[in-house]
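S.K.: Please work out how this folds:
(one chain, ligands or ions: 1)
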Amino acid sequence: MELANVLYEKEGDIAIVTVNRPKALNALNAETLADIEKAMDAAAADPEVKVVILTGAGRAFVAGADITFMQNMKPLEGRAFAMLGQAVFRKIETMEKPVIAAVNGFALGGGCELAMACDFRIASDAAKFGQPEVGLGITPGFGGTQRLPRLVGEGMAKELCYTADTIDANEALRIGLVNHVVPADELMTYVKNVAKRIASKGQLAVRACKKAINEGMQVDIDRAMGIEADIFGILFSTEEQKEGMTAFVEKRKPAFTGK
Ligand code: HXC
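M.R.: Take a look at the predicted model:
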C-alpha cells in the first residue's frame with residue numbers, strides 16, 4: 001500500500017504502521033490522519049495480521065497536530081479537525097486487534113494523544129511526552145483532556161496540560177503513561193517481541209480482553225462484571241477455547257486457528 005505520509009509494512013502476523021513525515025517531525029495534518037486511518041483499516045481487514053505496532057520515522061513519534069495547518073482555522077474548522085482526529089484515534093482504540101505504540105521520540109500534543117489511543121505504550125529512552133497546547137493558546141483536541149486523566153489521574157493530567165511541561169520517558173513510566181522504557185536502538189526488537197507473545201495466543205481471546213477492558217472501563221463495576229461474564233461465556237463457543245484447554249490437559253502447546 002502506497003501512502004504519502006505513512007509506511008505500512010508486514011512482518012508475518014505483525015503490521016507496522018510508521019508515521020512518515022520526518023521533515024515536520026511527523027506532525028499530523030488532515031492527510032496524515034487519513035493515511036493513518038487507511039493503514040489501520042488495512043491491518044484490521046487483513047486476516048493474517050494479529051497485532052499492530054504504531055511508531056514514527058526519524059527522531060519523533062509525532063510532534064503534534066500540524067501547527068501551520070491549524071494556524072488560520074476558524075472555530076468550526078478547528079472543531080471539525082478535532083473531530084476528525086478523534087474519530088481516527090477512536091478507531092484505533094476500538095478496533096478488534098491490539099495496537100501497541102512504540103514511542104521512539106517526541107510524542108507531544110496530538111502525538112501524545114495518538115499514543116494514548118493505542119492499547120499500551122512502550123517508549124525508547126529518547127522519547128519525550130507532553131501536552132504543550134496551552135503554549136499555543138489552545139487545548140488538546142484529539143482526546144488528550146479525556147484519555148490523559150484516565151491514564152495518569154486527574155491531578156497529574158491537569159498539571160501536564162496546564163504547565164505544557166515536557167516529561168522524559170522515565171517520568172512517563174513513573175506516572176503510568178508508558179509500560180516500559182528501553183534503549184532507543186532496542187525499541188523495535190523489544191516491541192516486536194511483545195507483539196509476538198500476543199500473536200502466539202488465542203486471538204479471539206486477546207480481542208475479547210480488549211473489548212472487555214474497553215467497554216468495562218466506561219460503566220459502573222456491576223455492569224462491567226456483566227460485560228466480562230458475557231464475553232467470557234461467548235469464548236466457550238470457540239475452537240480456540242477447546243484447543244487451549246485440551247492442549248493444557250494433554251501437556252502440549254496449543255495450535256490456535258483464530259476460530
Ligand atoms: C508543524 C512542526 C511541528 C508541528 C515540529 N515541526 N513540530 N510543524 N507542526 N507540531 C517542524 C518544525 O517547524 C521544523 O520545520 C521541523 O519540524 C523540525 O522541528 P524543530 O523545531 O526545528 O526541531 P527541534 O528544535 O528539535 O524541536 C523539536 C520540538 C519542536 C521541541 C518537538 O519542533 C516543537 O516544539 N514542536 C511543536 C510541538 C507542539 O507544540 N505540539 C503540539 C501541537 S498542537 P522547519 O520547516 O522549520 O524545518 C496539537 C493539538 C492537537 O497537537 C489537537 C488538534 C485538534
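S.K.: what is the mean pLDDT for stretch 194-201?
M.R.: For stretch 194-201, the mean pLDDT works out to 98.
S.K.: and for it, what are the contacting residues?
M.R.: The contact list for stretch 194-201, computed with CB atoms under 8 Å, 6 or more residues apart in numbering, reads 12-14, 50-51, 53, 98, 100, 122, 206, 256. Where you see a C-beta, it was placed from the backbone N, CA and C, and this is true even at glycine.
S.K.: Around the ligand, which positions in this protein sit nearby?
M.R.: Proximity of the chain to the ligand, by CB under 6 Å from any ligand atom, involves residues 24-25, 27, 63-68, 81-82, 85, 106, 108-110, 132-133, 136, 140-142.
S.K.: who does the helix ranked longest in the chain touch, helix- and strand-wise?
M.R.: Secondary structure of the chain per DSSP state H: the longest helix is helix 75-94. Secondary-structure packing of helix 75-94 (3 or more CB pairs under 8 Å, 6 or more residues apart in numbering; DSSP states H and E): helix 30-45, helix 67-70, helix 110-117.
S.K.: any idea which helix or strand comes after it?
M.R.: Scanning forward in sequence from helix 75-94 by DSSP states H and E, the next helix or strand is strand 99-103.
S.K.: Could you list every helix and strand that that next one packs against?
M.R.: Here strand 99-103 touches strand 51-56, helix 110-117, strand 120-124, helix 187-199, going by 3+ CB pairs under 8 Å, 6+ apart.
S.K.: avg pLDDT for whatever helix or strand comes next after that strand?
M.R.: For strand 99-103, the following helix or strand on the C-terminal side (DSSP H and E) is strand 106-108. Over the span of strand 106-108, the pLDDT mean works out to 98.
S.K.: Stretch 243-259 now?
M.R.: Averaged across stretch 243-259, pLDDT comes to 97.
S.K.: Buried by neighbour count: which residues of it qualify?
M.R.: Using 16 or more other CB atoms under 10 Å as the test for burial, stretch 243-259 gives 243-244, 254, 256.
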